[in-house]
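J.: Give me the fold of what follows.
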Amino acid sequence: MRPGDTLVVESFFRLGHGTTDLIELVNYFEQKGVKLMSMKERFDTHTQQGKLMLTVFQLLNRFEQDLIVQRTQEGLETARARESVGGRPHIKDHFIQIALRLYASKEYTIQGIVNMTGISHATLYQYIRKNQQFEKNE
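T.: Below you'll find the model as predicted:
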């Protein structure tokens with residue numbers, strides 16, 4: 001599209017996944033000099049009413065983002081008050097040592113070790129690699 005062109009859409013809300021996407025696209029087209037029109041909302045970004053509506057959308061988007069930040073902070077404060085720690089549960093070192101010894105014995109399959117220790121495949125492989133690198137450096 002070139003400056004001065006008009007992009008006609010059925011609905012502005014089909015342009016993006018949410019208000020943020022919509023505003024980014026509208027701003028992008030504005031910078032390129034492309035006029036946007038919506039058939040459903042009767043919305044034109046080059047009229048005074050359209051510019052007012054765009055400003056309202058931007059304010060609502062900012063308000064929505066601020067609410068998300070506020071709720072996240074409140075949730076973290078509540079979790080801290082309960083002494084809750086975020087992230088994945090920590091694997092006890094003795095389970096890792098047992099898993100590495102079982103692997104080194106070559107008597108058990110990876111699946112068997114996973115079943116016995118409760119450590120995931122990915123985590124087990126990660127510790128096996130770390131252990132092998134450690135042994136190389138010794």
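J.: in the chain, which spans are strands?
T.: Per DSSP state E, the chain carries strands over the ranges 6-9, 35-38, 43-44.
J.: got TSV for those strands, with mean neighbour count and mean pLDDT too?
T.: C-betas here are computed from N, CA, C, even on glycine. As requested, the strands of the chain are exported to TSV (neighbours: other Cβ atoms under 10 Å; pLDDT from 0 to 100):
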stretch	mean neighbour count	mean pLDDT
strand 6-9	14	86
strand 35-38	19	84
strand 43-44	18	76
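J.: what domains does the record give for the protein?
T.: Domain segmentation of the chain under automatic domain parsing yields 6-81, 93-137.
J.: closest to residue 87 out of those domains?
T.: Smallest distance to residue 87 across the domains of the chain (Cβ to Cβ): 11.1 Å, for domain 6-81.
J.: chain center to that closest one: distance?
T.: Domain 6-81 has its average C-alpha position 19 Å from the chain's average C-alpha position, going by Cα atoms, centre = their mean, to the nearest Å.
J.: Endpoints of it, how far apart?
T.: Using Cα to Cα, to the nearest Å, the end-to-end distance of domain 6-81 comes out at 54 Å.
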